[in-house]
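[1] Fold the following, please.
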Amino acid sequence: KTKELQTITNDIKQTQAQLEKVEDEKRTLKRDIDGINYTISQLNLNIRSSEVNIEKLKLELELLESKKIDIEQGIKSQKEAIAQVLREIQQKDSEDLIYVLLKGNSLAESLLEMQSLKNLQNNLSVNVNTFTNLHNDLKATIQESAVTKDNLEIENSNFRNRKVIANDKKSEKNTLLSST
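    Model prediction:
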């Protein structure tokens with residue numbers, strides 16, 4: 001009977017060891033599933049972040065396109081203003097100084113005419129500076145649009161990759177669950 005008792009005790013120990021092993025495997029499986037669930041949750045948050053960022057970048061591109069159109073219209077307007085001022089300067093410049101002085105009814109009127117020419121030249125300078133600034137703004141807006149388009153492309157790529165990874169993790173979880 002002692003031998004039989006010894007055998008039963010050994011069987012109990014083996015069964016207990018197997019139970020502990022199964023319990024350890026269960027803990028490991030739960031830990032693996034929890035880890036995968038956490039990863040999936042993190043990926044879903046990253047996917048949502050990408051979606052919001054993509055929407056934001058698209059809005060930025062729309063604003064930049066609108067700004068570009070406004071600047072182009074400003075440039076067109078400045079070109080027309082410069083052309084008008086140049087025509088007026090050319091018209092007034094073709095008159096001799098003596099003719100301007102004699103044409104006026106008084107010296108004051110003649111000096112006013114010469115001051116008008118000076119004002120036209122100043123106006124031309126202002127229009128050219130404005131044109132230059134608008135042109136620089138246009139170049140900066142085009143560059144900013146290009147950077148934003150690149151960022152949008154990168155974000156779209158990240159979005160697609162995150163979706164693939166999330167699907168892989170879900171498949172991994174299903175495989176792990178079905179194998180146990």
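
[2] Could you list the low-pLDDT ranges of this structure?
    1, 93-108, 110-111, 180 (pLDDT under 70).

[3] Which neighbouring elements make contact with the helix of greatest length in it?
    Ranked by residue count under DSSP state H, the longest helix found in the chain is helix 2-93. On a contact count with 3 or more CB pairs under 8 Å, 6 or more residues apart in numbering; DSSP states H and E, helix 2-93 meets helix 107-178. C-beta: built from backbone N, CA, C; applies to glycine.

[4] just checking, what packs against the helix it packs on?
    Partner elements for helix 107-178 (3+ CB pairs under 8 Å, 6+ apart): helix 2-93, helix 97-103.

[5] could I get the ones you listed as JSON lines with mean neighbour count and distance to K173?
    Below are those laid out as JSON lines (neighbours: other CB atoms under 10 Å; distance: least, CB to CB, whole Å):
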{"stretch": "helix 2-93", "mean neighbour count": "13", "distance to K173": "4"}
{"stretch": "helix 97-103", "mean neighbour count": "12", "distance to K173": "91"}
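
[6] ok, N37 - contacts?
    Residues near N37 by CB atoms under 8 Å, 6 or more residues apart in numbering: K173.

[7] Equivalent analysis for E80, please.
    Neighbours of E80 in contact, by CB under 8 Å, 6+ apart: none.

[8] do you know how far it is from N119?
    The gap separating E80 from N119 is 19 Å, by CB to CB, to the nearest Å.

[9] And S66, by the same measure?
    35 Å.

[10] same deal with V128?
    In terms of CB to CB, V128 sits 15 Å off from N119.

[11] Have a look at the two and say which one is more surrounded.
    Using other CB atoms under 10 Å as the criterion, V128 and N119 rank with V128 on top: 14 against 11.

[12] how far out from the middle of the chain is stretch 58-65?
    Distance of stretch 58-65 from the chain centroid (CA atoms, centre = their mean, to the nearest Å) equals 9 Å.

[13] same thing with stretch 72-81?
    28 Å.

[14] Equivalent analysis for stretch 149-156, please.
    7 Å.

[15] now do stretch 112-124
    46 Å.
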